[in-house]
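Asks: just a sequence and a predicted model for now, questions to come.
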Amino acid sequence: MSKVSVKEERPLAAGAQDATERFRFLYEAASVLSSSLDVDAIAGSLSRLAVPTLGDLCIVDLVEDGQIRRAAAAHSDPSKQDLASRLLAYSPDLRDHGHPVVHAIEAGGTLPEVRSELADDALRGFAPEPEQLAVLRELGVRAALIVPLAAQDKPLGAITLMIEGRRSFGSRDLTDAEQVGRRAECAFRNARLLEESRAAVRLREEILSVVSHDLRNPLSRVYLATDQLQRAVPAEQARHVEIIRRSAQHMNRLIQDLVEITKLEQGRLALDRRRNEIDVLVRDAIDLVAQKVEQKSIDLGESVDHGLPPVTVDRVRIVQVLTNLLDNAFKHTAAGGKIAISARAVQGGVAIAVCDTGTGIAPEMLPHVFDRFKHAKKWSRDGAGLGLAIARGIVEAHGGTIRVESKVGVGSTFEIFLPVAVR
């Protein structure tokens, strides 16, 4: 049986404790850095986290729009934080290729770069401006460690760690700094992705605002003008006026669809929920499509079971859903075909189905039928591919579901489920 002396146990215990502390520090780093998706908040947390474990002073520089922005600075000594904050007034210029931070960023690597024994000339490289140099001198900075940050070969910035007095950077400091850098890269990358996503949403809303306002007004005038023209022009020209009127109607519908899908995605769709009878909802939808169905010689059938429980829904919105489903069936059913709308009681609610004898949907398209824009080119013959996405959004906003079954050459069945009204 081997024996371990007390002298041997002490370094083993110290090593175990050291490893535990390092693990705890890196775990805390991951936890803190992942707790926010705001770039400035992450930079601030990173600078405070790094001191005093990795250095006495930590500066975080970020690359934004082709420039470097000094985002955060923290000192391990609270009495020196004001001095550290004064460093925020200066940001390295990417054109200054001699600046250590710029050099580390441009090098494109991920390994920490150590600048030791910073004499006055070397220190001046970190602070070309006299005010910044005076701060570093007053802090007594003696060495620096720069950790470049990048994501997918795109520079994000750099962490600069500085130490004072006789302290020096060891191999463990480099390893820990690199580990923290990798965690910071993930945090900054996620924050940037969120910023880009929000910017895209803002741009989309601005475009929709222009579309819904600036285009609707002239479209309304076109629509009104065609009504007047139809009464004034000879019968042989009235057909052309009708084409213009329908085109204006169609464009207005597309605009409305874009606005509707945006409201649904943002959870801003207002619902006026009231108790409604199923047969009334079905009849409202049929009335809206009956004329064009008859013009195409399509047989439109209706079958609503007696005694169905009422549903608490927004009448206009649910009729919109049913109309969308009937319109969709109309588009894909040839003249002489059949469309049927039916309603029956199911457990917990009511199921309303729209069946057609149309072209059907290819199996590979079925999982994407309710995705916005997805089926516009491959399946939908008209519109922007939003009608079914809007239908799903409205149904789900009511706590219901929508599904589809289809076979190419046979037809399709779309069915929605609506919960019964609470008594």
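Replies: Cool, the structure landed. Residues are numbered from 1 along each chain as shown.
Asks: could you pull out the strands in the protein for me?
Replies: Secondary structure of the chain by DSSP state E: the strands cover 57-64, 67-75, 113-115, 141-151, 154-164, 273-276, 299-304, 311-314, 338-346, 349-356, 401-407, 411-419.
Asks: tell me what the fourth one is packed against?
Replies: On a contact count with 3 or more Cβ pairs under 8 Å, 6 or more residues apart in numbering; DSSP states H and E, strand 141-151 meets helix 100-107, strand 113-115, helix 120-126, strand 154-164, helix 171-210. Yep, even glycine has a C-beta here, placed from its N, CA and C like the rest.
Asks: check which strands are paired with it and give the direction for each one.
Replies: strand 113-115 (antiparallel), strand 154-164 (antiparallel) (DSSP bridges).
Asks: the last one vs helix 171-210, what angle?
Replies: With axes from the mean of the first three to the mean of the last three Cα atoms, to 10 degrees as the basis, strand 154-164 and helix 171-210 are set at 140 degrees to each other.
Asks: pLDDT (mean, whole number) over strand 154-164?
Replies: For strand 154-164, the mean pLDDT works out to 94.
Asks: coming back round to it: mean neighbour count, the strands paired with strand 141-151: which tops it?
Replies: strand 154-164 (a mean of 23; mean count of other Cβ atoms under 10 Å).
Asks: ok, back up a step: select from the strands of the chain the stretch with the lowest mean pLDDT.
Replies: Among those, strand 113-115 scores lowest, with a mean of 85.
Asks: not counting its own residues, what contacts that one?
Replies: Under the criterion Cβ atoms under 8 Å, 6 or more residues apart in numbering, residues 100, 103-104, 107, 122, 143-148, 169, 174 lie in contact with strand 113-115.
Asks: ok, stretch 205-218 next?
Replies: The contact list for stretch 205-218 (Cβ under 8 Å, 6+ apart) reads 251-252, 255, 258-259, 262.
Asks: tell me if I'm right that Gln230 and Val241 touch.
Replies: Yes. The criterion here is Cβ atoms under 8 Å, and Gln230 meets it with Val241 at 5.1 Å.
Asks: hang on, the earlier thing: so can I have CSV of the strands paired with strand 141-151 showing distance to Asp305?
Replies: Output for the strands paired with strand 141-151, formatted as CSV (distance: least, Cβ to Cβ, whole Å):
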stretch, distance to Asp305
strand 113-115, 76
strand 154-164, 60
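Asks: can you tell me which of these is nearest to Asp65?
Replies: Across these, Asp65 has its closest neighbour in strand 154-164 (12.3 Å, Cβ to Cβ).
Asks: reformat the contacts of stretch 205-218 as a markdown table; add neighbour count, distance to Asp56 and pLDDT.
Replies: A markdown table is the format used below for the contacts of stretch 205-218 (neighbours: other Cβ atoms under 10 Å; distance: Cβ to Cβ, whole Å; pLDDT from 0 to 100):
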| residue | neighbour count | distance to Asp56 | pLDDT |
| --- | --- | --- | --- |
| Met251 | 16 | 65 | 78 |
| Asn252 | 17 | 65 | 79 |
| Ile255 | 17 | 60 | 79 |
| Leu258 | 19 | 55 | 76 |
| Val259 | 15 | 56 | 78 |
| Thr262 | 16 | 50 | 77 |
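Asks: from those, which two are the most distant?
Replies: Checking the contacts of stretch 205-218 with Cβ to Cβ, the most distant pair is Met251 and Thr262, at 17.3 Å.
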